[in-house]
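Chemist: Build me a model:
(one chain, ligands or ions: 1)
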Amino acid sequence: MIEVNHLSKRYGGQVAVDTVSFRCEPGTITGFLGPNGAGKSTTLRMICGLTPPTSGEALVCGVPYRSMGNPGRQVGVLLDASAQHTGRTGREVLALSAQVLGIGAARVEELLDLVGLAGPAARKRVRGYSLGMRQRLGIAHALLGEPEVLLLDEPANGLDPEGIRWMRRLLREHAARGGTVLLSSHLLSEVERTADRLVVIARGRVVGQGGRDELVAAGDDLEEEFLRLTGQRYTLEEVDQ
Ligand SMILES: Nc1ncnc2c1ncn2[C@@H]1O[C@H](COP(=O)(O)OP(=O)(O)OP(=O)(O)O)[C@@H](O)[C@H]1O
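Modeler: Have a look, this model is predicted:
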């Protein structure tokens with residue numbers, strides 16, 4: 001369970017996140033959707049305690065992330081797959097975190113297999129990984145402690161169509177086991193088939209949330225509604241100006 005209550009973040013005079021509130025229930029996938037610069041990453045960073053909010057609060061499993069004893073066992077986080085240590089092999093990256101979390105080596109092998117990085121890929125240094133491979137490693141890293149909650153920022157970046165399908169299945173299975181998933185994206189096409197609920201953010205504010213059907217106004221399709229909500233859909237007259 002994730003509860004975000006009136007969360008705001010201000011950088012100097014700029015409001016990056018403006019009184020954002022939503023809930024992610026166990027057994028569901030929530031898509032956090034918005035154009036570039038909308039405030040998605042800042043919100044996710046506040047949820048997992050990396051960025052202090054200016055006001056408001058975020059609770060994960062009922063408590064602030066920073067007050068969890070062993071957060072890796074409850075929350076799996078993937079924020080920036082390209083930020084991994086490039087001098088280590090994929091296996092070393094997972095093995096080091098497994099040690100910190102008190103998890104056995106067998107789980108590392110299980111995850112390498114699950115994300116398609118077993119064999120030679122596991123022995124390769126991360127600097128030689130494609131972005132898709134880094135995302136897979138990041139997903140394995142998030143799953144390491146068998147957490148209930150998954151917090152994933154743009155996890156589909158760099159994945160090919162087969163990879164996106166694979167990830168969709170993985171997240172669906174996680175939710176089916178009672179897990180809570182929050183994943184962000186700037187592309188509606190990536191999350192629309194994965195998520196049960198959507199939270200749409202633009203210019204730091206939530207501009208729409210609910211199930212697919214709730215978001216679609218009569219006669220419109222979801223893409224039209226997303227573009228309208230986020231102010232990316234211009235009339236021909238506006239484009240001409
Ligand atoms: N550390 C920071 N200092 C100043 N401004 C910041 C900082 N981090 C984010 N911002 C600003 O806050 C706003 C929201 O950024 P954020 O990265 O949260 O958006 P996003 O929705 O994740 O975008 P993208 O899809 O491009 O990653 C942007 O205008 C960004 O420039």
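Chemist: Residue numbers of the chain in contact with the ligand?
Modeler: Within the chain, the residues that sit near the ligand (C-beta under 6 Å from any ligand atom) are 11, 16, 34, 36, 37, 38, 39, 40, 41, 42, 186. For every residue, glycine as well, the C-beta is placed using N, CA and C.
Chemist: Quick check: the last one touching residue 157?
Modeler: No. The pair formed by residue 186 and residue 157 falls short of the contact definition of C-beta atoms under 8 Å, at 9.5 Å.
Chemist: which residues do those two both contact?
Modeler: The contact sets of residue 186 and residue 157 do not overlap (C-beta atoms under 8 Å, 6 or more residues apart in numbering).
Chemist: Show the pLDDT at the most centrally placed residue in the chain.
Modeler: Per C-alpha atoms, centre = their mean, the C-alpha nearest to the average position across the chain is that of residue 152, at 2.1 Å. At residue 152, the model reports a pLDDT of 96.
Chemist: isn't it right up against residue 179?
Modeler: No. Between residue 152 and residue 179 there is no contact under C-beta under 8 Å: 11.8 Å.
Chemist: Averaged pLDDT, the lengthiest helix in the chain. What do you get?
Modeler: Longest helix in the chain by number of residues (criterion: DSSP state H): helix 161-176. Here helix 161-176 scores 93 as its mean pLDDT.
Chemist: Give me the buried positions along it.
Modeler: In terms of neighbour count (16 or more other C-beta atoms under 10 Å), helix 161-176 has its buried residues at 163, 164, 166, 167, 168, 170, 171, 174, 175.
Chemist: Check the gap between the last one and residue 106 for me.
Modeler: Taking C-beta to C-beta, to the nearest Å as the measure, residue 175 and residue 106 are separated by 25 Å.
Chemist: which outside residues touch the next helix or strand after the longest helix of the chain?
Modeler: Per DSSP states H and E, helix 161-176 leads on to strand 180-185 as the next helix or strand towards the C-terminus. With contact meaning C-beta under 8 Å, 6+ apart, strand 180-185 is reached by 1-2, 24-34, 40-41, 44, 47, 148-156, 171, 174-175, 191, 194-195.
Chemist: Sort out which of the residues you listed are buried, if you could.
Modeler: Among these, those classed as buried by neighbour count (16+ other C-beta under 10 Å) are 2, 24, 28-34, 40-41, 44, 47, 148-156, 171, 174-175, 191, 194-195.
Chemist: Narrow those residues to those in helices?
Modeler: Among the buried ones among the contacts of strand 180-185, the members falling in helices (DSSP H) are 40, 41, 44, 47, 171, 174, 175, 191.
Chemist: Make sure the fifth one is actually in contact with residue 150.
Modeler: Read that as residue 171. Yes. If you go by C-beta under 8 Å, residue 171 and residue 150 touch, sitting 7.2 Å apart.
Chemist: Which helix or which strand is home to residue 22?
Modeler: Assessed by DSSP H and E, residue 22 sits inside strand 14-24.
Chemist: what sits up against that strand?
Modeler: Residues from elsewhere that reach strand 14-24, judged by C-beta under 8 Å, 6+ apart: 1-10, 30, 39, 42-43, 46, 53, 56, 149, 180-182, 197, 199, 201, 203-206, 209.
Chemist: which residues in the protein form strands?
Modeler: Here the chain has its strands, by DSSP state E, at 2-11, 14-24, 28-33, 55-60, 75-78, 149-153, 180-185, 197-202, 205-211.
Chemist: and those as TSV, adding distance to residue 101?
Modeler: As requested, the strands of the chain are exported to TSV (distance: least, C-beta to C-beta, whole Å):
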stretch	distance to residue 101
strand 2-11	20
strand 14-24	23
strand 28-33	24
strand 55-60	16
strand 75-78	11
strand 149-153	15
strand 180-185	19
strand 197-202	29
strand 205-211	33
